[in-house]
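Colleague: After the sequence you'll find the predicted model.
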Amino acid sequence: MRRSDRLRAPLAEAPAPGGSDASAPESRAGTRRELRAQATQEKLLDAAAEEFAARGFAGARLREIARGVGVQPALIHHYFVDKQGLYEAVVRRVVDDMSVASWKVLESATGLEAIVHGFVDVMVEFAARHHKMLALLRAELLSGETLLVEVLRERTVPLLEAVVGIAERLQSQGELRSDVTAREMVRSGLSLVLYPAVDAVVLDALLPQLEGGELERRKRVVASVLLGGIRAPRQ
């Protein structure tokens, strides 16, 4: 079975056009069942995200996840096949949150400052909201978990390559410094955003945050530092 086939869609096939009026009540009942199934899946994903973040993949228990939602563990197997299928669905949803918001920034923002501020806003909020999951992803990647590499690359590589392309264009227009590559700039920007979330314990041990640690201030600081570091020097 391919990984893309692992998740079982709860939605029934759409009724053929031209059906009789007698099928309308059954259709409405089917729609209600589909909506309930979707809501249950979302609740399971929420509970699973908490369980995986707290215990890791190996320590997470499907029975605990099911109990938190008030369903039988068999329903997890029905929707997600197994523990790995559920984990993959959780990771995909987390990464998709960031990916969709970032694409909206790239499609709407114009100019260097707007792009940097928009992208930093998305990434800082994402890192703050999913810091436990990011730490888990880091641990899993270090352990050689290939599933996460595939999911992360599938969702983020096209986005980040688009950001690199924009940076290269801005370099050619003289807005960005030319002594470092566009890819190095993007990697440095990601480091500014993600490291404090992934290794917050280490960072706080090395240099504790004394004041002004609120999210909005962090966005401003990261964007300011990043813009100051990538802009072309004035002649």
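Modeller: That came through fine.
Colleague: Thought L106 was touching A162, still the case?
Modeller: Yes. With contact defined as Cβ atoms under 8 Å, A162 counts as touching L106 (6.0 Å). Bear in mind the C-beta positions are built from the backbone N, C-alpha and C, glycine included.
Colleague: can you map out the helices along the protein?
Modeller: Residue ranges of the helices in the chain, as given by DSSP state H, are 24-59, 62-69, 73-80, 83-108, 112-129, 131-142, 146-172, 182-198, 200-206, 215-230.
Colleague: quick one: the residue nearest the centre of the chain and L194, what's the gap?
Modeller: Nearest to the geometric centre of the chain sits V95, at 2.0 Å (Cα atoms, centre = their mean). As judged by Cβ to Cβ, to the nearest Å, V95 and L194 stand 13 Å apart.
Colleague: same thing with S99?
Modeller: Counting by Cβ to Cβ, the separation of S99 from L194 is 15 Å.
Colleague: Contacts only, for A58.
Modeller: The contact partners of A58, by Cβ atoms under 8 Å, 6 or more residues apart in numbering, come to none.
Colleague: how much space is there between it and L141?
Modeller: Distance, A58 to L141, using Cβ to Cβ: 15 Å.
Colleague: now do L226
Modeller: According to Cβ to Cβ, L226 and L141 sit 24 Å apart.
Colleague: of these two, who's got more company?
Modeller: Neighbour totals were compared for L226 and L141, and L226 leads with 19 against 13 (other Cβ atoms under 10 Å).
Colleague: if you skip the residues just before and after it, what's nearest to that one?
Modeller: G189 (5.2 Å; Cβ to Cβ, 6 or more residues apart in numbering).
Colleague: Contacts only, for L170.
Modeller: Counting by Cβ under 8 Å, 6+ apart, L170 has contacts L112, L176.
Colleague: Could you measure from it over to V69?
Modeller: Distance, L170 to V69, by Cβ to Cβ: 47 Å.
Colleague: same deal with S188?
Modeller: Using Cβ to Cβ, we find S188 at a distance of 41 Å from V69.
Colleague: Ok, K219 next?
Modeller: K219 sits 34 Å away from V69, going by Cβ to Cβ.
Colleague: Now for the nearest residue to H117 once chain neighbours are set aside, how many residues are close by?
Modeller: Spatial nearest neighbour of H117, chain neighbours left out: A223 (5.0 Å); criterion: Cβ to Cβ, 6+ apart. Summarising burial for A223: neighbours were counted as other Cβ under 10 Å, giving 21.
Colleague: Thought I115 was touching A223, still the case?
Modeller: No. Using Cβ under 8 Å, A223 is not in contact with I115; the gap is 10.3 Å.
Colleague: domain parsing for this structure?
Modeller: 16-80, 87-235 (automatic domain parsing).
Colleague: how close does the closest residue to F119 other than its chain neighbours get to A182?
Modeller: In space, and not counting its chain neighbours, F119 is closest to V105: 5.4 Å by Cβ to Cβ, 6+ apart. Counting by Cβ to Cβ, the separation of V105 from A182 is 17 Å.
Colleague: What distance do you get for R217 to A197?
Modeller: 15 Å.
Colleague: quick one, which of the two is more surrounded?
Modeller: Per other Cβ under 10 Å, whichever of R217 and A197 has more neighbours is A197, with 21 against 11.
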